[in-house]
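A.B. asks: here is my input, please return the structure:
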Amino acid sequence: MVLRHALNGKFQALFGNALWSEYQDLLGRPVWSEGTSANERQQVLAALARQGRWVTVYYGWRPNLPDEADNHLIELALAGGAHAIVTHNLRDLRGGDLHLGKLRVLTPPQCLEEWK
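C.D. replies: Below is the predicted model:
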């Protein structure tokens, strides 16, 4: 449902180089059922790109998170002025050392409940 809201413009997704690379990698993994083809997944990603906003990160906030591979999400959210990072990975993203102002980390259900 969060993806649907992003695709219809209710939520605006932010993208940066690292996150975009992660999405492309994820869509290419052999974990997908036969319910969608690789081409269909690429079409959804292209539609998301049209609705989202590309953000260039000029300032690093590292080290911050326990998992270095997640720091780019904080940097992207801060550079793009995001209200929240929506993820199932709360443990790793809420474990940072820096106080990040009003930036929140929400699960998809929390996001949908809060921004109906």
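A.B. asks: so which other helices or strands are in contact with the lowest-mean-pLDDT helix or strand in the chain?
C.D. replies: Least confident element among the helices and strands of the chain, by mean pLDDT, DSSP states H and E: helix 90-93 (a mean of 86). Here helix 90-93 touches no other helix or strand, going by 3 or more C-beta pairs under 8 Å, 6 or more residues apart in numbering; DSSP states H and E. Just so you know, the C-beta spots here come from the backbone N, C-alpha and C atoms, and that holds for glycine as well.
A.B. asks: what's the longest helix in the chain?
C.D. replies: When the chain is parsed with DSSP state H, its longest helix is helix 38-51.
A.B. asks: on that earlier part again, what sits up against the least confident helix or strand of the chain?
C.D. replies: In this structure, residues lying in contact with helix 90-93 by C-beta atoms under 8 Å, 6 or more residues apart in numbering are 65, 66, 67, 70, 73, 74, 85, 87, 105, 107.
A.B. asks: for the chain, list the residue farthest from the centre, please.
C.D. replies: For the chain, the residue at maximal distance from the C-alpha centroid (C-alpha atoms, centre = their mean) is residue 34, at 24.7 Å.
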